[in-house]
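Trainee: Predicted structure and sequence below. I'll ask about it afterward.
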Amino acid sequence: MADSAGMGISHPSAKLLSLSSPLITWIFQLLEDERTSQQLEMKAETSKNQTVKYLYETVAKLIKSAEVPSLVAEVKALFEASNRQSECILNLPMEDTCWCIGDWEYSQHQDERTMRFVGILDLTTSQQVTQMTSLIYKSDMSYKDQAMQLLYYACLNPVKKCPRRPHYVKLLNTPEARNVTLDLTSLGVNFLDSNMEMDGDLNKPAEESSVWFRRCFSCGIRGTPDMFTPCSECSAVMYCDRECQVNSWKQRHKKWCKKFKQFMKMEHQLAEFPFTFSKTSTSLNFTREKLKCFLEENDVYNKGLWRRECPSYRGTKADIPFDLWRAGNYYNYRGFWLDSPIAGLLHYPLTLYWIIVSWLPEHYVDVFKKMKTSGCLQVHIIGAEREAEMFDPFLECARLLAPIHLHLHLFGNELSKHIHNNCQTKENLTFQVHCSLYHEYQLLELPAPDLAVGFNAGLSAYSTFIQTVKLLLEERTAFFCTDYCYYSVVHSQRALSNSHIGRMLHPVINPFRSPFRLPAEEVNFPRYSNAFIFCLKPYDDNVKEPNTWEGIVSNIV
């Protein structure tokens, strides 16, 4: 019961707990000025502002009910308690969810007063309704007072998990809640109108929010980073409480923990860049918001290709007039400053360039010789997305390959139909876009590919990719893929092996990967666009598959 818990307060000063700190400060000042109740009642009569009128009347009643010195002490104590509660809640972790406050049922009459059962339900966590807390109040307490007290109580004493505050709060759309608003600014919580539907801002992706939310690896609850504790062994995954950690260990993490620890060992090597901004862009907390600020500082945010991101070929070493095998050397060759963010775009064309001049001679020497003899190279890019807008960046790759003419055909079923078969040609680059899954496109009207590339392929995540892989490997096409993180590489290797479609040669860290780390909600793996490169070959029963964990990882770390 609220009374037994110290929540049902009948004294007029109880109303102060539901007021904002500035108003309590103002009332406290009135009392210290030793105003009489008559003076305050006169102020109330002349005031046109209903809120101010109500406050003057409340303070007048307070003065009548007790001696001023003791009342000042009481109000001061309430003020300090309210401040402590607000500050305490403001410092709590934030859960990315919406709590709804409302009347869910009425209890029987008790002590000749109707008791109201008021509760808070979490309407967004795990796609189900979860009770946060509930209290019973005397019906003569205002609905706003009840809602505020209940929210404080739910934040500090939730039914389940750690104390926390919600991202959003709304009132159940009932007659009692009509025209009631809660000032939650002191708690850092957003109040939603009771008529607002549960969409819009609530469904906004985490990367579009200024707050970076993480996710419990076990139950999936989302919240600010301070709401979670990482696994003490691998540091790759996080949990919201001990119960979730124990459950996860029993269900799956016991099997994966040592492997995740291996992934995390690559963190420092993947973060090695020559750029002046590398320390910032490769940190674990380099969120979308920080990327936005970085691009704004360089005056490129939301401009051109940044809207989506935010004469040489390899013969012998003596044939190469400059060493391009490191991003820093390429920057020097092109005259780019090391504080320029252009590497965030050039990692696509430079990755393609590195595949052509470094991997083709090693794994497909006949294709490389044909390119030099014919003076052209047909490249099919699979699963294209933002690459379809990168004509100018890929022109960089073509210029590095001059006099070879580079023909790029980009395939992607999520591309706009308006650019289907759109073709551009400039210098030694031809660039054509096809809005279709690769294996469904009528390839007979196109020249056969010399090389196929899938950027950030994630082969195990897309069932359609397996059909494309099968088609390309049956045709014995030179095929290379990149991926964001080693966890995805391992699952791709397993998918290929289990399907007996293809096999993966040892992946390596791409020297031209993006310098911008990609945050993830559930894991701390180092993730970068085009971080790893690997070659795909047809499946062969006589070829022993590499040891995914000890072989590949030890070669990289």
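Mentor: Arrived safely. Residues are numbered from 1 along each chain as shown.

Trainee: Outside of stretch 359-371 itself, list whatever touches it.
Mentor: Contacts with stretch 359-371, where a contact means C-beta atoms under 8 Å, 6 or more residues apart in numbering, come from 313-314, 356, 377, 404, 450-451, 478, 480, 505, 533, 535, 537. Bear in mind the C-beta positions are built from the backbone N, C-alpha and C, glycine included.

Trainee: What residues of it count as buried?
Mentor: The neighbour-count check on stretch 359-371 (16 or more other C-beta atoms under 10 Å) flags W359, L360, P361, H363, Y364, V367, F368, M371 as buried.

Trainee: about what we covered before: okay, and which of the contacts of stretch 359-371 map to strands?
Mentor: L377, L451, A478, F480, I533, C535, K537 (DSSP state E).

Trainee: Tell me if I'm right that the fifth one and L352 touch.
Mentor: No - counting by C-beta atoms under 8 Å, I533 sits too far from L352 to count as a contact (10.3 Å).

Trainee: Would you mind telling me which of those two has the busier surroundings?
Mentor: Counted by other C-beta atoms under 10 Å, I533 and L352 do not tie: L352 has more neighbours, with 29 against 25.

Trainee: The more buried one touches V453, doesn't it?
Mentor: Yes - counting by C-beta under 8 Å, L352 does reach V453; the two are 6.2 Å apart.

Trainee: Tell me the residues that contact both of those two, please.
Mentor: The contact sets of L352 and V453 overlap at V379 (C-beta under 8 Å, 6+ apart).

Trainee: Which of the contacts of stretch 359-371 sits closest to T282?
Mentor: For those, the minimum distance to T282 (C-beta to C-beta) is 18.7 Å, reached by I533.

Trainee: State the distance from the closest one to F480.
Mentor: Separation of I533 from F480 (C-beta to C-beta, to the nearest Å): 6 Å.

Trainee: cool, and N428?
Mentor: N428 sits 21 Å away from F480, going by C-beta to C-beta.

Trainee: okay, these two: which has more neighbours?
Mentor: In this view N428 and F480 are compared by other C-beta under 10 Å, and F480 has more residues nearby, 24 against 18.

Trainee: Just give the nearest non-adjacent residue to T280, would you?
Mentor: Nearest non-adjacent residue to T280, counting by C-beta to C-beta, 6 or more residues apart in numbering: F286, 6.5 Å away.

Trainee: Torsion angles phi and psi at that neighbour?
Mentor: Here is the backbone geometry of F286 (degrees, to the nearest 10): phi -80, psi 90.

Trainee: What number of residues are in the vicinity of it?
Mentor: 20.

Trainee: measure it to A343 for me?
Mentor: 14 Å.

Trainee: what's the answer for I356, then?
Mentor: I356 sits at a distance of 19 Å from A343 (criterion: C-beta to C-beta).

Trainee: can you pull out the strands in the stretch 351-500 of the chain?
Mentor: Along the stretch 351-500 of the chain, counting by DSSP state E, counting those that start in this stretch, strands occupy 376-382, 405-411, 423-426, 429-434, 451-454, 478-483.

Trainee: The fourth one pairs with which strands, parallel or anti?
Mentor: Put plainly, it is strand 429-434. Sheet partners assigned to strand 429-434 using DSSP bridges are listed as strand 405-411 (parallel), strand 423-426 (antiparallel).

Trainee: can you check the last one too?
Mentor: Neighbouring strands of strand 478-483 in its sheet, by DSSP bridges, are strand 451-454 (parallel), strand 532-538 (antiparallel).

Trainee: picking up where we left off before, same list, the buried residues of stretch 359-371, but as JSON lines with distance to C435 please.
Mentor: As requested, the buried residues of stretch 359-371 are exported to JSON lines (distance: C-beta to C-beta, whole Å):
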{"residue": "W359", "distance to C435": "28"}
{"residue": "L360", "distance to C435": "28"}
{"residue": "P361", "distance to C435": "33"}
{"residue": "H363", "distance to C435": "30"}
{"residue": "Y364", "distance to C435": "28"}
{"residue": "V367", "distance to C435": "27"}
{"residue": "F368", "distance to C435": "31"}
{"residue": "M371", "distance to C435": "28"}
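
Trainee: Among the residues you listed, which lie within helices?
Mentor: If you go by DSSP state H, the buried residues of stretch 359-371 have L360, P361, H363, V367, F368, M371 in helices.

Trainee: JSON lines please, covering those residues and showing pLDDT and distance to G188.
Mentor: As requested, these are exported to JSON lines (pLDDT from 0 to 100; distance: C-beta to C-beta, whole Å):
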{"residue": "L360", "pLDDT": "91", "distance to G188": "55"}
{"residue": "P361", "pLDDT": "87", "distance to G188": "58"}
{"residue": "H363", "pLDDT": "88", "distance to G188": "55"}
{"residue": "V367", "pLDDT": "93", "distance to G188": "58"}
{"residue": "F368", "pLDDT": "91", "distance to G188": "59"}
{"residue": "M371", "pLDDT": "93", "distance to G188": "59"}
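
Trainee: Closest one of those to E387?
Mentor: Nearest to E387 among these is L360, at 19.4 Å by C-beta to C-beta.

Trainee: and the two most separated of the ones in helices among the buried residues of stretch 359-371?
Mentor: Maximum pairwise distance among those (C-beta to C-beta): 13.7 Å, between H363 and M371.

Trainee: In TSV: the strands of the stretch 351-500 of the chain, plus distance to K261 and mean pLDDT.
Mentor: Below are the strands of the stretch 351-500 of the chain laid out as TSV (distance: least, C-beta to C-beta, whole Å; pLDDT from 0 to 100):
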stretch	distance to K261	mean pLDDT
strand 376-382	32	94
strand 405-411	37	94
strand 423-426	47	92
strand 429-434	42	92
strand 451-454	28	94
strand 478-483	19	93
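
Trainee: burial measure for E521, as a count.
Mentor: Neighbourhood size, E521 [other C-beta under 10 Å]: 17.

Trainee: do the one 5 residues further on as well
Mentor: Each residue near P526 was counted by other C-beta under 10 Å, and the total is 24.

Trainee: Hmm, Q262 and it touching each other?
Mentor: No - the criterion here is C-beta under 8 Å, and P526 misses it with Q262 at 12.0 Å.

Trainee: Show the contacting residues for H167.
Mentor: Taking C-beta under 8 Å, 6+ apart, we find H167 in contact with M94, E95, D96, T97, C98, V189, N190, V211.

Trainee: which one is the third one nearest to, not counting chain neighbours?
Mentor: Right, the one you point to is D96. Leaving aside its chain neighbours, D96 sits nearest to R222 (4.0 Å; criterion: C-beta to C-beta, 6+ apart).

Trainee: how many other residues sit next to H500?
Mentor: Neighbours around H500, by other C-beta under 10 Å: 10.

Trainee: For it, give me its contacts.
Mentor: Residues in contact with H500 (C-beta under 8 Å, 6+ apart) are Y539.

Trainee: Repeat that for L377.
Mentor: I356, M371, L401, I404, H405, L406, H407, D450, L451 are the contacts of L377 under C-beta under 8 Å, 6+ apart.

Trainee: Against H167, how distant is the fourth one?
Mentor: Read it as I404. Between I404 and H167 the distance is 53 Å, computed by C-beta to C-beta.

Trainee: Walk me through the domains of this structure.
Mentor: 12-89, 92-204, 208-261, 347-556 (automatic domain parsing).

Trainee: nearest to L295, of those domains?
Mentor: domain 347-556 (9.8 Å).

Trainee: May I see the buried residues of stretch 467-482?
Mentor: For stretch 467-482, using 16+ other C-beta under 10 Å, the buried residues are T468, V469, K470, L471, L472, L473, T477, A478, F479, F480, C481, T482.
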